[in-house]
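Colleague: Provide a 3D model corresponding to the input given below.
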Amino acid sequence: MTSTVSTTSTASADVAVRVPYPDLLAFVTRVFHARGLPEGRAGAAAEALCHGDLTGFTSHGISNLTRLYLPLLDSGRCDPRAEPRIVTDRGASVLLDARRALGLWAATEAMDLAVERARRYGVGMVSVRGATHFGCAGHHALRAVRHHMVGLVTANCGRQRIVRPVGGRSPMLGTNPLALAAPAGDRPPFVLDMATTVAPTGRVRAAARAGQSVPAGWLQDDAGAPVTDPAAFDRGRAHLRWLGGDPDSGAYKGFGLGLLVEVLSALVPGAGIGPQMETAEPAGPDDDIGCFLLAVAPGRLRPEAEFRTDAASLFGALLGCPPVRADEPVRYPGWPEDARSRERRTHGVPLEPALHREMLDLARSSGLSFPEPVSPTAAGSPA
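Modeller: Numbering: from 1, shown residues only. Next up, the predicted model:
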């Protein structure tokens, strides 16, 4: 159910507002459709974006609607009517030019193509160039799981350079995320969705907007000292650290993973490459992003029932591991996010007050209605 903007502005200034997921999805779909996206693709883009709010990856959710995606469309850097073009088709592998399409839906369609090829060949790989930001990598990897397949997704940040090589002074790479999703029998899918830096830029900027500090270890200054003020990042006074932290504790692993993503996502399809010999602005635009989407169909290699049984055994054993603390059972990546998603589909998606006001402003300026808040009794306990 949706309402006029005026009836949704009475929420407490410091309490999250819960709105029904279907209504939130419909609102974001209408926003994208009003910007020129065909209705079906607007819906796919909205689903990809709202995935962040459903699962708790709010730094990649609708907070980016006005900060990232609408500016991309309004500036012309992203073409709302783009039609991706297959450049090379080798059966199990495809090279796709996204032609500046909105990555939220283009990556969805690319993974669906990879799944289609995996049905025929056992494996399907779609290599993409000319893309734009696609939101949560895990959302796109999960599309393979719907078909009892394993999905792998990587993306570089185009020519954007915000992270320094280990031991280097100049930014050369992006946060270069990767995600792998796999079936887990009758349990929630395994979903590893991560940046190759300690934290993605979205979480740093979200903390800055909220006036919060970040943990020591996310950022450091030029001398290597920890920085906990997230606003220092956009002021150029701090930079992101790789997974592993210091060179002697594993930073080369994070750096190496970032380069792995750069090779698969940019070097293979011929997309925009981060590292350049010439001096470049530290925070260039993330245009011409490259993506790598892989679907693996175990059922084409061995009996599918056998694979499902083994997957259930693998992840069941992890859940059955005796915990260090009785009140903190062992979980694997994807389990908490699945539980959070199911709770929010039932009781509403929580929006922080500032984000709720921002969405109301967007609804007003767009001539659209925004969902009515869920009543406190219907919302139940927050997740």
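Colleague: hey, let's count contacts and neighbours off CA atoms from now on
Modeller: Will do.
Colleague: Can you give me the pLDDT of Ala210?
Modeller: On the pLDDT scale, Ala210 is placed at 88.
Colleague: need the contact list for it.
Modeller: By CA atoms under 8 Å, 6 or more residues apart in numbering, no residues touch Ala210.
Colleague: separation between it and Val349?
Modeller: According to CA to CA, to the nearest Å, Ala210 stands 19 Å off from Val349.
Colleague: outside of the helix or strand where Ser313 lies, which residues touch it?
Modeller: Using DSSP states H and E, Ser313 sits in helix 304-319. Here helix 304-319 makes contact (CA under 8 Å, 6+ apart) with Pro183, Ala184, Gly185, Asp186, Arg187, Pro298, Gly299, Pro329, Val330, Arg331, Tyr332.
Colleague: Output these as TSV; include the columns distance to Ala232 and pLDDT.
Modeller: Formatted as TSV, the contacts of helix 304-319 follow (distance: CA to CA, whole Å; pLDDT from 0 to 100):
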residue	distance to Ala232	pLDDT
Pro183	40	98
Ala184	41	97
Gly185	45	94
Asp186	45	93
Arg187	41	96
Pro298	46	98
Gly299	49	96
Pro329	37	97
Val330	36	97
Arg331	34	97
Tyr332	33	98
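Colleague: quick check, nearest of these to Cys78?
Modeller: Using CA to CA, Pro183 comes nearest to Cys78 of the contacts of helix 304-319, at 33.5 Å.
Colleague: Assign that closest one to helix, strand or coil.
Modeller: The three-state assignment at Pro183 reads strand, by DSSP: H, G, I helix; E, B strand; the rest coil.
Colleague: thinking it is in contact with His147, fair?
Modeller: No: with contact defined as CA atoms under 8 Å, Pro183 does not reach His147; the gap is 9.2 Å.
Colleague: Which of these two has more residues huddled nearby?
Modeller: Pro183 (24 against 16; other CA atoms under 10 Å).
Colleague: element containing the closest residue to the more buried one other than its chain neighbours?
Modeller: Excluding the flanking residues, the one nearest Pro183 by CA to CA, 6 or more residues apart in numbering is Pro189, at 4.8 Å. Here Pro189 sits within strand 187-194, counting by DSSP H and E.
Colleague: ok, and for that strand, which residues are buried?
Modeller: Across strand 187-194, burial judged by 16 or more other CA atoms under 10 Å covers Pro188, Pro189, Phe190, Val191, Leu192, Asp193, Met194.
Colleague: ok, then the element right after the strand or helix carrying Val31?
Modeller: Following DSSP H and E, the helix or strand that holds Val31 is helix 21-34. Moving toward the C-terminus from helix 21-34, the next helix or strand (DSSP H and E) is helix 39-55.
Colleague: ok and that next one relative to helix 21-34, angle-wise?
Modeller: Between helix 39-55 and helix 21-34, the angle comes out at 140 degrees (axes from the mean of the first three to the mean of the last three CA atoms, to 10 degrees).
Colleague: Show the residue spans covered by the strands in the stretch 201-350 of the chain.
Modeller: 219-220, 226-227, 239-240, 289-296, 349-351 (DSSP state E, counting those that start in this stretch).
Colleague: Out of these, which gets nearest to Leu72?
Modeller: Of those, nearest to Leu72 by CA to CA is strand 289-296, at 13.1 Å.
Colleague: neighbouring contacts of that closest one?
Modeller: 107, 110-111, 114-115, 118, 122-133, 141, 144, 149-159, 264-266, 269-272.
Colleague: Return the subset of these lying in strands.
Modeller: Residues of the contacts of strand 289-296 located in strands (DSSP state E): 123-131, 150-155.
Colleague: Show me which of the residues you listed are buried.
Modeller: 123-131, 150-155.
Colleague: if we take those, which one ends up nearest to Ser249?
Modeller: Distances from Ser249 to those, taken by CA to CA, are shortest for Thr154, at 24.4 Å.
Colleague: Please look at that closest one and Pro177 and confirm they touch.
Modeller: Yes: using CA under 8 Å, Thr154 is in contact with Pro177, at 5.9 Å.
Colleague: between the two, what contacts are shared?
Modeller: Common contacts of Thr154 and Pro177, defined by CA under 8 Å, 6+ apart, comprise Ala137, Val261.
Colleague: Could you look over the strands of the stretch 201-350 of the chain and pick the most buried one?
Modeller: Counting by mean count of other CA atoms under 10 Å, strand 289-296 has the highest mean neighbour count of the strands of the stretch 201-350 of the chain, with a mean of 31.
Colleague: mean confidence for that strand?
Modeller: Computed over strand 289-296, the average pLDDT equals 98.
Colleague: quick one on the thing from earlier: which helices and strands does the helix holding Val31 pack with?
Modeller: helix 39-55, strand 370-371 (3 or more CA pairs under 8 Å, 6 or more residues apart in numbering; DSSP states H and E).
Colleague: and stretch 316-323, which residues are buried?
Modeller: Applying 16+ other CA under 10 Å to stretch 316-323 flags Gly316, Leu319 as buried.
Colleague: Using CSV, lay out the strands of the stretch 201-350 of the chain together with distance to Pro371.
Modeller: Formatted as CSV, the strands of the stretch 201-350 of the chain follow (distance: least, CA to CA, whole Å):
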stretch, distance to Pro371
strand 219-220, 37
strand 226-227, 39
strand 239-240, 37
strand 289-296, 33
strand 349-351, 11
